[in-house]
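Peer 1: take this sequence and fold it.
(chains A and B, ligands or ions: 2)
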Amino acid sequence: MSDVLAPGRSGGVSALYAGNARAVVARNLAATKTSNWTVVLSGFFEPVFYLFAMGVGLGTYVGDVTLPSGLHVEYAAYIAPGLLAVSAMNGAVYDSTWNVFFKMRFARLYEAMLATSLGPLDVAFGEISYALLRGAVYATGFLTVMQVMGLNLSWTAVLALPAVVLVAFGFASFGMAITSLMKTFQQMDWINIVLLPMFLLSATFFPISVYPAPLQWLIQAMPLWHAVELVRGLTTGDLPPSTWWHVVYFVAMIGIGLTVTTRRLRALFLA
Amino acid sequence: MVAARGLTKRFGDFVAVDGIDFEVAPGESFGLLGPNGAGKSTTMRMVGAVSARSGGDLTVLGLDPDDHGPRIRAQLGVVPQEDNLDGELTARGNLVTYGRYFGIPRSVCAQRATELLEFAQLSERADAKVDELSGGMKRRLTIARALVNEPRLLMLDEPTTGLDPQARHILWDRLFRLKEQGTTLVVTTHFMDEAEQLCERLVVVDHGQIMAEGSPAELIRRYSSREVAELRFGTDRNEAAARVLAEVGDRLEILPDRVLVYASDGEAILEQVAARGLRPTTSLVRRSSLEDVFLRLTGRSLIE
Ligand SMILES: Nc1ncnc2c1ncn2[C@@H]1O[C@H](COP(=O)(O)OP(=O)(O)O)[C@@H](O)[C@H]1O
Ligand SMILES: [Mg+2]
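Peer 2: Ligands and ions are numbered 1, 2, ... in the order given. Next up is the predicted model:
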């Protein structure tokens, strides 16, 4: 056996990416097997409980909601897609922030991964894909519940599944990028401080037309609003051409998230 | 396999590795011996292609880590100073998963995991979570993990620091076997006994610089005498006793708790000490070790 390797292609993407993100996903699946199943299951049940409490319970008092196009839908059919988007967000954000923060700062897992032939982009891609996979599983379950309850009003509802995957991908990449910049638990708490108002305000439970214009603009700049509008358009069949902007928003979020995460992992573990 | 020339690492203004030269040949077991903060781990990280050098030349397996990090890492087995095993997986899970990071097919990983658990004497604990393993077991698992990609070069950063004597001996025994099989080893340590046990050739490092290079026996021959008489006179009387002993032996070292007299014949020294009317509270004659080499080179002991 020779003691030197033949020089081959070098630098560029090959230093960042070995095309083996699935090994990272497989690692997470193996870890999930031994993890706390109540946490895993609560990710599915939480939005279902919201749907029953708010949609069915509160819905009998609220009556129908009028969409911007003039379409009337019952309240449960209005909030269900919002909750679907929120559950995608929560799953993706939980896996890409707290879990990643722990692995990065305490478990030294990424240090171990990056001492192998994996590159930072494999790690970023793998972690994000896993977060997204979990989001997609929850979303499939929730969409099934919606179907059973008759809340999917159009055939385009099947497209809500890829849409939710896109949304989860966006939140996961952005969440991981933010987390890679964080150093302390206190900083991690800021993530919750941003998430809660976004959840309560972003047209999940009522249209944003109730707010003054400046607040509406602020909400429209937030990712969750785009997620809710996109998913709601698909499950209700109310799809104006501007729907594409929501897609563009998330594609941009994914691009920025992956770039920042890859750079940060490289700076943190390969500098 | 490794060639470093003027290798340097700076952290801001601080120079952690200060222009070191060394080479590692195939099949050799090479050591870096030095106290805490000498720059050993920093050097290992540069060779392991997980830390970019600040200056000098470095090739690992003939390639420059700046350009070929992933290809180099694919051929290395790395045991870092602090274990970074995957706490959410079992012992076996750690090996299989780590193999998958190298892109090795699952079935091959599974078979190697079984063999390596055997090698690390962990077959019975294969399904235990990492946290349930003792320090020595974790260390052996980390070594097994470093072998899963059948590396050409195995790098161990302080492999037995923090282990009890029995666990250290089990670990050394495993490393011996690897050596016998022709694995190339690079080991860092601040234990002179470990360096003597494991390294055919070593460099003594201090403050990021190489102080000396050679085999343990060569270094002892060059920088120390054959034997050492260790004399204890009591904390405040060592200095005074040393003045009386100035002419005795080849060389003296006065430490806070004892006086070391270097000579080819230690017993003869004890006689001369007695002849000068000195009564040490304890005295002992031993062979020179790398500890004495380090003391000679730096004026300090390895473990402070
Ligand atoms: N990431 C870092 N940033 C700043 N200083 C560092 C860093 N890593 C190591 N050092 C410093 O470099 C010196 C050498 O450290 P190290 O290589 O860990 O020594 P050793 O392994 O020989 O104990 C120490 O003084 C240490 O504090
Ligand atoms: Mg060290």
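Peer 1: which residue ranges of chain B form strands?
Peer 2: Remark: strands assigned in chain B by DSSP state E are B:2-11, B:14-24, B:29-33, B:55-60, B:76-79, B:153-157, B:184-189, B:201-206, B:209-214, B:227-232, B:251-254, B:259-263, B:282-287.
Peer 1: so what does the nearest residue to residue B:18 once chain neighbours are set aside have for phi and psi?
Peer 2: Using CB to CB, 6 or more residues apart in numbering or on different chains and skipping residues adjacent in sequence, the residue nearest residue B:18 is residue B:208, 3.7 Å away. To be clear about C-beta, it is placed using only N, CA and C from the backbone, and glycine gets the same treatment. In terms of degrees, to the nearest 10, the main-chain angles of residue B:208 are phi 80, psi 10.
Peer 1: now do residue A:205
Peer 2: phi -100, psi -20.
Peer 1: how about it, what does it touch?
Peer 2: Shown in contact with residue A:205 (CB atoms under 8 Å, 6 or more residues apart in numbering or on different chains): A:54, A:79, A:82.
Peer 1: show me these that map onto strands.
Peer 2: Judged by DSSP E, the subset of the contacts of residue A:205 located in strands is empty.
Peer 1: could you tell me which residues of chain B lie near ligand 2?
Peer 2: Along chain B, the residues adjacent to ligand 2 under the rule CB under 5 Å from the ion are B:40, B:41, B:81.
Peer 1: may I see the residues you listed organised as TSV, with pLDDT added?
Peer 2: Formatted as TSV, these follow (pLDDT from 0 to 100):
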residue	pLDDT
B:40	97
B:41	97
B:81	95
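Peer 1: if I look at residue B:150, how far off is residue B:280?
Peer 2: Distance of residue B:150 to residue B:280, given as CB to CB, to the nearest Å: 54 Å.
Peer 1: more neighbours, the two?
Peer 2: Higher neighbour count among residue B:150 and residue B:280: residue B:280, with 20 against 13, using other CB atoms under 10 Å in any protein chain shown.
Peer 1: I'd like the strands of chain B as JSON lines, with mean neighbour count and mean pLDDT appended.
Peer 2: Below are those laid out as JSON lines (neighbours: other CB atoms under 10 Å in any protein chain shown; pLDDT from 0 to 100):
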{"stretch": "strand B:2-11", "mean neighbour count": "18", "mean pLDDT": "97"}
{"stretch": "strand B:14-24", "mean neighbour count": "18", "mean pLDDT": "97"}
{"stretch": "strand B:29-33", "mean neighbour count": "26", "mean pLDDT": "96"}
{"stretch": "strand B:55-60", "mean neighbour count": "18", "mean pLDDT": "96"}
{"stretch": "strand B:76-79", "mean neighbour count": "24", "mean pLDDT": "96"}
{"stretch": "strand B:153-157", "mean neighbour count": "24", "mean pLDDT": "97"}
{"stretch": "strand B:184-189", "mean neighbour count": "25", "mean pLDDT": "96"}
{"stretch": "strand B:201-206", "mean neighbour count": "24", "mean pLDDT": "96"}
{"stretch": "strand B:209-214", "mean neighbour count": "18", "mean pLDDT": "96"}
{"stretch": "strand B:227-232", "mean neighbour count": "22", "mean pLDDT": "93"}
{"stretch": "strand B:251-254", "mean neighbour count": "15", "mean pLDDT": "90"}
{"stretch": "strand B:259-263", "mean neighbour count": "23", "mean pLDDT": "93"}
{"stretch": "strand B:282-287", "mean neighbour count": "14", "mean pLDDT": "93"}
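Peer 1: reformat these as JSON lines; add distance to residue A:69.
Peer 2: Formatted as JSON lines, the strands of chain B follow (distance: least, CB to CB, whole Å):
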{"stretch": "strand B:2-11", "distance to residue A:69": "60"}
{"stretch": "strand B:14-24", "distance to residue A:69": "65"}
{"stretch": "strand B:29-33", "distance to residue A:69": "72"}
{"stretch": "strand B:55-60", "distance to residue A:69": "63"}
{"stretch": "strand B:76-79", "distance to residue A:69": "60"}
{"stretch": "strand B:153-157", "distance to residue A:69": "65"}
{"stretch": "strand B:184-189", "distance to residue A:69": "69"}
{"stretch": "strand B:201-206", "distance to residue A:69": "74"}
{"stretch": "strand B:209-214", "distance to residue A:69": "75"}
{"stretch": "strand B:227-232", "distance to residue A:69": "93"}
{"stretch": "strand B:251-254", "distance to residue A:69": "91"}
{"stretch": "strand B:259-263", "distance to residue A:69": "92"}
{"stretch": "strand B:282-287", "distance to residue A:69": "92"}
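Peer 1: can you pull out the helices in chain A?
Peer 2: A:21-33, A:37-50, A:59-62, A:75-94, A:100-105, A:109-114, A:120-148, A:160-181, A:185-201, A:213-221, A:223-236, A:243-269 (DSSP state H).
Peer 1: of all these, which one comes closest to ligand 2?
Peer 2: Minimum separation from ligand 2 across the helices of chain A (CB to the ion) falls at helix A:109-114, 14.3 Å.
Peer 1: which other helices and strands contact that closest one?
Peer 2: Counting by 3 or more CB pairs under 8 Å, 6 or more residues apart in numbering or on different chains; DSSP states H and E, the packing neighbours recorded for helix A:109-114 are helix A:100-105, helix A:120-148, helix A:243-269.
Peer 1: out of those, flag the one nearest ligand 1.
Peer 2: helix A:243-269 (10.5 Å; CB to the nearest ligand atom).
Peer 1: close to chain B, is that closest one?
Peer 2: Yes. Using CB under 8 Å from any CB of the partner chain, helix A:243-269 reaches chain B at residue A:269.
Peer 1: hmm, that helix touching ligand 1?
Peer 2: No. Residues of helix A:243-269 contacting ligand 1 under CB under 6 Å from any ligand atom: none, with a closest distance of 10.5 Å.
Peer 1: and that helix, what's buried?
Peer 2: By 16 or more other CB atoms under 10 Å in any protein chain shown, the buried positions in helix A:243-269 come out as A:243, A:246, A:249-250, A:253-254, A:257-258, A:260-266, A:268-269.
Peer 1: how about the residues of the stretch 101-250 of chain A near ligand 2?
Peer 2: Counting by CB under 5 Å from the ion, no residue of the stretch 101-250 of chain A is near ligand 2.
Peer 1: give me the residue from the stretch 101-250 of chain A nearest ligand 1.
Peer 2: Counting by CB to the nearest ligand atom, the stretch 101-250 of chain A gets nearest ligand 1 through residue A:111, at 12.2 Å.
Peer 1: pLDDT score for that residue?
Peer 2: Per-residue pLDDT puts residue A:111 at 92.
Peer 1: neighbours of it, how many?
Peer 2: 17.
Peer 1: follow-up on the earlier one: could I get the helices and strands packed on helix A:109-114 as TSV with distance to residue A:190?
Peer 2: TSV is the format used below for the helices and strands packed on helix A:109-114 (distance: least, CB to CB, whole Å):
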stretch	distance to residue A:190
helix A:100-105	12
helix A:120-148	19
helix A:243-269	16
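Peer 1: distance of residue B:303 relative to ligand 2?
Peer 2: 13 Å (CB to the ion, to the nearest Å).
Peer 1: same question, residue B:250
Peer 2: Counting by CB to the ion - residue B:250 and ligand 2 are separated by 33 Å.
Peer 1: need the contact list for that residue.
Peer 2: Per CB under 8 Å, 6+ apart, neighbours of residue B:250: B:225, B:262, B:263, B:264.
Peer 1: give me the pLDDT value at residue B:256.
Peer 2: Residue B:256 is assigned 84 on the pLDDT scale.
Peer 1: in JSON lines: the helices and strands packed on helix A:109-114, plus mean pLDDT and distance to residue B:238.
Peer 2: Converted to JSON lines, the helices and strands packed on helix A:109-114 look like this (pLDDT from 0 to 100; distance: least, CB to CB, whole Å):
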{"stretch": "helix A:100-105", "mean pLDDT": "85", "distance to residue B:238": "48"}
{"stretch": "helix A:120-148", "mean pLDDT": "89", "distance to residue B:238": "55"}
{"stretch": "helix A:243-269", "mean pLDDT": "92", "distance to residue B:238": "48"}
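Peer 1: tabulate the helices of chain A (CSV), appending distance to residue B:297.
Peer 2: Below are the helices of chain A laid out as CSV (distance: least, CB to CB, whole Å):
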stretch, distance to residue B:297
helix A:21-33, 45
helix A:37-50, 56
helix A:59-62, 82
helix A:75-94, 54
helix A:100-105, 39
helix A:109-114, 33
helix A:120-148, 40
helix A:160-181, 43
helix A:185-201, 45
helix A:213-221, 64
helix A:223-236, 61
helix A:243-269, 34
